[in-house]
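Undergrad: What would the 3D arrangement of this be:
(2 chains)
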2 protein chains.
Amino acid sequence: MKVPTAADPKDDHSTNNNSNSNSNGNINNCRGGDNMCKTIEVAVLDHRELSPHPVALSPPSGDEPHYIPPLNFAMVDNGIFRSGFPDSANFSFIQSLGLRSIICLCPEPYPETNMEFLKSNGIKLFQFGIEGYKEPFVNIPEDTIREALKVVIDVRNHPVLIHCKRGKHRTGCLVGCLRKLQRWCLSSVFDEYQRFAAAKARVSDQRFMELFDISSFKNIPLSFSCSKR
Amino acid sequence: MKVPTAADPKDDHSTNNNSNSNSNGNINNCRGGDNMCKTIEVAVLDHRELSPHPVALSPPSGDEPHYIPPLNFAMVDNGIFRSGFPDSANFSFIQSLGLRSIICLCPEPYPETNMEFLKSNGIKLFQFGIEGYKEPFVNIPEDTIREALKVVIDVRNHPVLIHCKRGKHRTGCLVGCLRKLQRWCLSSVFDEYQRFAAAKARVSDQRFMELFDISSFKNIPLSFSCSKR
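TA: The predicted structure follows:
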């Protein structure tokens, strides 16, 4: 199965030709025509009607450990999670979260196994293609993070899992911008970023978060926030 | 104000004489007579009737950063948070969480400023005195963690903040035991522990979590868990 990818403006590998629905889902462009993000409706399902375990993964049995959260998994806020790239070993755990959507920040085509899992569980995919640059060739695209942030704070997408490859840099930047919206002081934003990035923390990512302008979000109510419980 | 402390059986500094109510609250012993934990009802308030900002802390104004989460703050699960020891700089943020209770894992008397904050906000304090040992003199008391875990998973106490001094070892062990209850595999439990403990991670803490027996919790429904959303 060819999986449609988010078309990053700078990503020549992505295709802009798969804008029609295919047997696996409907593709919608989030914004007018710039292809910053493509969403993939993997199945037409009313999520509220799904049973907790809609597909036939082995249910928990006995007292043995069962759940394998993805690398760097954590809860960000009510209905918002973060992690590294999930693989099939993590599917039982992810299923237990009852997700409505996943935000993937990697530009590569979403793996077929993961697409099948999303389809079986009625999880919508928002893919924002951000290259996993390495310093000093760093360029977190502000507009893309801004669009992704709109998806994050839209409670209609909750529960949502944000992930990139390792859950450190791209995910860390997006969560850091969310924390700015939640009016955390910058040192706390950096503290959280560094907890996940650890030895791989980047000054450039922290500069990006510091300079990220949240004024355009002024009119968006943050009802999702733990500060509004 | 003399603040009653949790009386750790091994803690000669704590007092066992303040089991009566005082002007600042009612002290109840969680268990029969072993003083493993004392709870301090700082005020008789129906928490549901509290306004989001019941005391006169400066409300957020303008677009400036406002919230200063405590050191190592994070969301553990729905209604469960963790952190290092909060001080007055963190009170605005903590207030925004709408806490019903705090679990303190330190044996020292709870600071008067913090007690006043709890009183003003109708937050109940559960104090379990666990000494902050340093390796190789490590002795996380299993029974105390077990009692604290019962408080953690009781939704009547949610939202609850678990804290010790730095939010690394004692808090990390308690959260790790919760993850075992949630049937996380041990490598994921350790991964989370290490994220907070970082360079201070202790093999002895991880051994404690590995050996912690959850069989006595078999009959407690984990309705609080993100795995039961």
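Undergrad: got the residue ranges for the strands in chain A?
TA: A:26-29, A:37-41, A:74-77, A:80-83, A:101-104, A:124-128, A:160-163 (DSSP state E).
Undergrad: shaky segments in chain A?
TA: By pLDDT under 70, the low-scoring segments of chain A are A:1-36, A:38, A:40-65, A:134-138, A:219-229.
Undergrad: end-to-end on stretch A:116-130?
TA: 23 Å (CA to CA, to the nearest Å).
Undergrad: ok so, going back, JSON lines for the strands of chain A, including distance to A:Tyr110 and mean neighbour count?
TA: For every residue, glycine as well, the C-beta is placed using N, CA and C. Shown next, in JSON lines, are those (distance: least, CB to CB, whole Å; neighbours: other CB atoms under 10 Å in any protein chain shown):
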{"stretch": "strand A:26-29", "distance to A:Tyr110": "12", "mean neighbour count": "16"}
{"stretch": "strand A:37-41", "distance to A:Tyr110": "8", "mean neighbour count": "22"}
{"stretch": "strand A:74-77", "distance to A:Tyr110": "21", "mean neighbour count": "21"}
{"stretch": "strand A:80-83", "distance to A:Tyr110": "15", "mean neighbour count": "24"}
{"stretch": "strand A:101-104", "distance to A:Tyr110": "6", "mean neighbour count": "25"}
{"stretch": "strand A:124-128", "distance to A:Tyr110": "6", "mean neighbour count": "25"}
{"stretch": "strand A:160-163", "distance to A:Tyr110": "11", "mean neighbour count": "25"}
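Undergrad: Tell me which of those strands approaches chain B most closely.
TA: When the strands of chain A are compared by CB to the nearest CB, strand A:74-77 sits nearest chain B, at 4.4 Å.
Undergrad: The closest one and chain B in contact?
TA: Yes. Residues of strand A:74-77 contacting chain B under CB under 8 Å from any CB of the partner chain: A:Ala74, A:Met75, A:Val76, A:Asp77.
Undergrad: that older thread, show me the one of the strands of chain A that comes nearest B:Val160.
TA: strand A:74-77 (14.3 Å; CB to CB).
Undergrad: For the closest one, name the packing helices and strands.
TA: In terms of contacts (3 or more CB pairs under 8 Å, 6 or more residues apart in numbering or on different chains; DSSP states H and E), strand A:74-77 is packed against strand A:80-83, helix A:170-181, strand B:74-77.
Undergrad: and the second one, what does it pack onto?
TA: Using 3+ CB pairs under 8 Å, 6+ apart as the contact criterion, the secondary-structure elements in contact with helix A:170-181 are strand A:74-77, strand A:80-83, helix A:142-152, strand A:160-163, helix A:186-197, helix A:203-211.
Undergrad: Throw those into TSV and include distance to B:Leu174, thanks.
TA: Below are these laid out as TSV (distance: least, CB to CB, whole Å):
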stretch	distance to B:Leu174
strand A:74-77	16
strand A:80-83	21
helix A:142-152	29
strand A:160-163	25
helix A:186-197	18
helix A:203-211	30
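Undergrad: roughly how far apart are A:Arg100 and chain B?
TA: Distance, A:Arg100 to chain B, using CB to the nearest CB, to the nearest Å: 11 Å.
Undergrad: Oops, could you answer that again for A:Gly84 instead?
TA: 11 Å.
Undergrad: Verify the stated contact: that residue with A:His169.
TA: No. Contact criterion CB atoms under 8 Å: A:Gly84 and A:His169 do not qualify, at 10.8 Å.
Undergrad: Between those two, which has more neighbouring residues?
TA: Per other CB atoms under 10 Å in any protein chain shown, whichever of A:Gly84 and A:His169 has more neighbours is A:His169, with 27 against 19.
Undergrad: What are the neighbouring residues in contact with the more buried one?
TA: A:Gly132, A:Ala197, A:Lys200, A:Arg202, A:Asp205 (CB atoms under 8 Å, 6 or more residues apart in numbering or on different chains).
Undergrad: Go through those and name the one nearest A:Ile153.
TA: Closest approach between the contacts of A:His169 and A:Ile153, by CB to CB: A:Asp205, at 20.3 Å.
Undergrad: if I pick the closest one, what's in contact with it?
TA: Each residue near A:Asp205 by CB under 8 Å, 6+ apart is listed here: A:Val138, A:Ile140, A:His169, A:Gly172, A:Cys173, A:Gly176, A:Tyr193, A:Ala197.
Undergrad: Is the last one in contact with A:Thr171, as I believe?
TA: Translated: A:Ala197. No. Applying CB under 8 Å as the test, A:Ala197 and A:Thr171 come out as separate, 9.6 Å apart.
Undergrad: Identify the contacts common to those two.
TA: Both A:Ala197 and A:Thr171 lack any common contact, where contact means CB under 8 Å, 6+ apart.
Undergrad: Just give me the neighbour total for A:Leu181.
TA: A:Leu181 has 17 nearby residues by other CB under 10 Å.
Undergrad: wait, doesn't it sit right on A:Lys150?
TA: No. A:Leu181 is beyond contact range of A:Lys150, at 10.6 Å (criterion: CB under 8 Å).
Undergrad: Touching both of A:Gly84 and A:His169, which residues are there?
TA: Common contacts of A:Gly84 and A:His169 (CB under 8 Å, 6+ apart): none found.
Undergrad: buried residues in stretch A:94-112?
TA: Buried residues in stretch A:94-112, counted by 16 or more other CB atoms under 10 Å in any protein chain shown: A:94-110.
Undergrad: follow-up on the earlier one: need the helices and strands packed on strand A:74-77 in TSV (columns: distance to B:Leu186).
TA: What follows is the helices and strands packed on strand A:74-77, written out as TSV (distance: least, CB to CB, whole Å):
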stretch	distance to B:Leu186
strand A:80-83	18
helix A:170-181	24
strand B:74-77	17
